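Colleague: Sharing a sequence plus its predicted fold:
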Amino acid sequence: MIALVALGDDSDVIKEAVKLARISKAEIIAVHVNDPHASEMSMMMDSRGPRLNEEDIRDRFRAN
């Protein structure tokens, strides 16, 4: 199981997870929990981040 933050820097984590899964002949389960207010406007200076769906996560694995 791999937990992704999805801030755009998950590439190394995904590569290592894939490598370990191949070595141990295991399946990978990716988990990402969207913030309830993801992709909404916020009065705070920092963004809540994007709302991701299953296909977004699959695309991250395909890119690596």
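Modeller: Good, I have the coordinates. Numbers count the residues shown, from 1 in each chain.
Colleague: hey, where'd the strands end up in this protein?
Modeller: For the chain, the strands defined by DSSP state E cover 2-3, 30-31.
Colleague: Nearest to residue 22, out of those?
Modeller: Distance to residue 22, taken as Cβ to Cβ, is lowest for strand 2-3 among the strands of the chain, at 13.7 Å. No exception for glycine: its C-beta is placed from N, CA and C like everyone else's.
Colleague: Name the surrounding residues that touch the closest one.
Modeller: 13, 14, 17, 28, 29, 30, 31, 32 (Cβ atoms under 8 Å, 6 or more residues apart in numbering).
Colleague: Please apply the same query to stretch 57-64.
Modeller: Among residues not part of stretch 57-64, those counted as contacts by Cβ under 8 Å, 6+ apart are 4, 6, 10, 11, 14, 15, 18, 28, 30, 32.
Colleague: is it true that residue 21 touches residue 27?
Modeller: Yes: counting by Cβ atoms under 8 Å, residue 21 touches residue 27, with 6.8 Å between them.
Colleague: Show me which of the two is the more surrounded one.
Modeller: The residue with more neighbours, out of residue 21 and residue 27, is residue 21; 14 against 7, by other Cβ atoms under 10 Å.
Colleague: ok, the more buried one to residue 33 distance?
Modeller: Distance from residue 21 to residue 33, counting by Cβ to Cβ, to the nearest Å: 21 Å.
Colleague: Residue 50 too?
Modeller: Taking Cβ to Cβ, one finds residue 50 at 13 Å from residue 33.
Colleague: and residue 47, what pLDDT?
Modeller: We have a pLDDT of 60 for residue 47.
Colleague: hmm, back to that, mind putting the contacts of strand 2-3 in CSV, distance to residue 56, pLDDT and neighbour count included?
Modeller: Converted to CSV, the contacts of strand 2-3 look like this (distance: Cβ to Cβ, whole Å; pLDDT from 0 to 100; neighbours: other Cβ atoms under 10 Å):
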residue, distance to residue 56, pLDDT, neighbour count
13, 15, 84, 15
14, 13, 85, 19
17, 17, 87, 20
28, 16, 88, 13
29, 16, 87, 10
30, 10, 82, 17
31, 13, 79, 9
32, 8, 72, 17
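Colleague: If anything else comes up later, I'll come back, but that's it for now.
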